[in-house]
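>>> The following comprises the amino acid sequence and a computationally predicted model.
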Amino acid sequence: MSEIAHKAGFVNIIGKPNVGKSTLMNALTGEQLSIITSKAQTTRHRIMGILSGEDFQIIYSDTPGILKPIYELHKVMMGYVESALEDADIILFVVEVGEKYDEEMPLLQRLAHTQTPLFVVLNKIDKSQQEEVVAKMAYWQEKLNPKEVIPVSALEKFNTERVLDLILQNLPEHPAYFEKDEMTDRTERFFASEIIREKIFLNYSQEIPYASDVVIILFQESGTLIRIAAEILVERDSQKGILIGKGGKMLKKVGTDARKDMEAFFGKKVFLEQFVKVEPNWRNQKLKLERLGYGA
Ligand code: GDP
Ligand code: MG
């Protein structure tokens with residue numbers, strides 16, 4: 001009698017903003033671990049979702065979108081993309097049918113030559129014609145020579161089991177890296193701040209979401225209640241005004257929406273306080289970025 005070998009490894013999900021990386025990871029783990037909104041670039045961090053079975057453990061990380069470094073913040077984010085390529089056992093490169101790629105993009109060169117098992121996940125096929133899908137599959141097969149191009153709809157969970165099957169087939173033999181009941185390496189504080197950031201993305205247009213960030217300054221559990229205090233950082237007084245809104249109406253909505261999600265996520269009653277603080281140029285200040293948890 002031989003035992004079935006245990007498999008474990010890191011699966012890194014990369015791709016442009018808004019192609020559906022977070023939706024795919026959530027479909028694959030069955031948990032709402034990362035923020036999903038219709039705006040690009042909400043995922044600034046690498047987030048791990050862990051899916052464990054009796055004889056396997058898949059550790060997913062959902063990386064920020066692939067961006068040109070405009071601000072310091074973007075450089076830090078590109079660092080995450082680079083490290084996502086380096087420490088992967090399997091790479092899922094997510095693309096969508098309608099999108100155009102710059103053929104000279106350094107990332108594509110890197111992907112074409114990677115030794116790591118590479119799968120191209122062609123997402124959002126629910127929105128496209130079959131001929132388009134077939135043409136795009138051929139294009140990516142030719143361009144990057146991946147192990148397979150997998151057409152899926154992450155949103156409708158169509159063909160996502162194929163992705164899971166291929167991951168399991170290609171996962172290296174390795175003992176589990178984390179306790180089997182551990183869902184994620186992120187702290188509860190992190191999820192609290194991500195939930196507030198999501199509500200900011202959903203409630204304000206263009207400028208505000210990109211000019212703001214959230215720091216959890218208090219996270220205190222007692223019995224069935226969690227007290228959470230959050231500082232929302234913006235760059236200018238004018239943004240503070242917009243964020244708070246007339247008579248505090250807008251900020252109140254963010255708080256109410258966030259509190260509901262937090263209560264569902266933590267399974268406890270939440271008492272949430274929010275403070276808005278002006279910190280000019282927070283994104284260009286590396287020390288501050290590190291304090292916010294973007295450091296190495
Ligand atoms: P990310 O920036 O790559 O992480 O993308 P998200 O997962 O946040 O998704 C961006 C947007 O695309 C959201 O509005 C999703 O609902 C939508 N989306 C994701 N997957 C699909 C899909 O398979 N079909 C369609 N029609 N929309 C999708
Ligand atoms: Mg995302």
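Alright, I've got the coordinates. Residues are numbered from 1 along each chain as shown. Ligands and ions are numbered 1, 2, ... in the order given.
>>> How many neighbouring residues does residue 253 have?
Neighbours of residue 253 under the rule other CB atoms under 10 Å: 14. C-beta coordinates here come from the backbone N, C-alpha and C atoms, glycine included.
>>> try residue 132
14.
>>> Please name the nearest non-neighbouring residue to it.
residue 97 (5.5 Å; CB to CB, 6 or more residues apart in numbering).
>>> which stretches of this protein have low pLDDT?
1-3, 31-48, 63-84, 102-106, 181-186, 285-296 (pLDDT under 70).
>>> What values do phi and psi take at residue 5?
phi -70, psi 140 (degrees, to the nearest 10).
>>> was I right about it contacting residue 175?
No: using CB atoms under 8 Å, residue 5 is not in contact with residue 175, being 9.8 Å away.
>>> For stretch 231-240, give the distance from the opening residue to the closing one.
12 Å (CA to CA, to the nearest Å).
>>> same check, this time on stretch 194-213
Taking CA to CA as the criterion, the two ends of stretch 194-213 lie 9 Å apart.
>>> do stretch 147-158 as well
Start-to-end, stretch 147-158 (CA to CA) is 20 Å.
>>> Do that stretch and ligand 1 come into contact?
Yes: using CB under 6 Å from any ligand atom, stretch 147-158 comes into contact with ligand 1 via 153-155.
>>> what's the longest helix belonging to the chain in contact with?
Using DSSP state H, we find that the single longest helix of the chain is helix 249-266. For helix 249-266, contacts defined as CB atoms under 8 Å, 6 or more residues apart in numbering pick out 32, 188, 191-192, 195-196, 198-200, 202-204, 226, 228, 242-245, 269-270, 272, 274, 276.
>>> Show me how far it is from its chain's centre.
On the basis of CA atoms, centre = their mean, to the nearest Å, helix 249-266 sits 20 Å off its chain's mean C-alpha point.
>>> Could you see whether ligand 1 lies near the helix or strand encompassing residue 201?
Element membership of residue 201, judged by DSSP states H and E, is helix 188-203. No: judged by CB under 6 Å from any ligand atom, helix 188-203 and ligand 1 are separated, with a smallest distance of 9.9 Å.
>>> ok, back up a step: now the element after the longest helix of the chain, going C-ward?
Moving toward the C-terminus from helix 249-266, the next helix or strand (DSSP H and E) is strand 269-278.
>>> Listing partners with orientation, what would you give for that next one?
strand 225-234 (parallel) (DSSP bridges).
>>> Now do stretch 190-207: distance to the chain's middle.
The answer for stretch 190-207 is 13 Å, by CA atoms, centre = their mean.
>>> Give me the buried positions along that stretch.
For stretch 190-207, the neighbour count (16 or more other CB atoms under 10 Å) marks 190-204 as buried.
>>> Check stretch 53-62 too.
Buried residues in stretch 53-62 (16+ other CB under 10 Å): 56-62.
>>> just how off-centre is it within its chain?
16 Å.
>>> And ligand 2, is it touching that?
No: Stretch 53-62 stays clear of ligand 2 (CB under 5 Å from the ion), getting no nearer than 5.7 Å.
>>> And for stretch 200-216?
No: using CB under 5 Å from the ion, stretch 200-216 stays clear of ligand 2, coming no nearer than 10.9 Å.
>>> Can you get me the start-to-end distance on that stretch?
Taking CA to CA as the criterion, the two ends of stretch 200-216 lie 15 Å apart.
>>> so the residue nearest to residue 197 when sequence neighbours are not counted, which of the three states?
Take residue 197 and drop its neighbours on the chain: the residue closest to it by CB to CB, 6+ apart is residue 214, 5.2 Å away. Here residue 214 is recorded as strand under DSSP: H, G, I helix; E, B strand; the rest coil.
>>> measure residue 214 to residue 120 for me?
To residue 120, residue 214 is 34 Å away according to CB to CB, to the nearest Å.
>>> neighbour-wise, which of the two wins?
Taking other CB under 10 Å, residue 214 and residue 120 do not tie; residue 120 has more neighbours (26 against 21).
>>> tell me which element the more buried one is part of?
Secondary structure (DSSP H and E) places residue 120 in strand 118-123.
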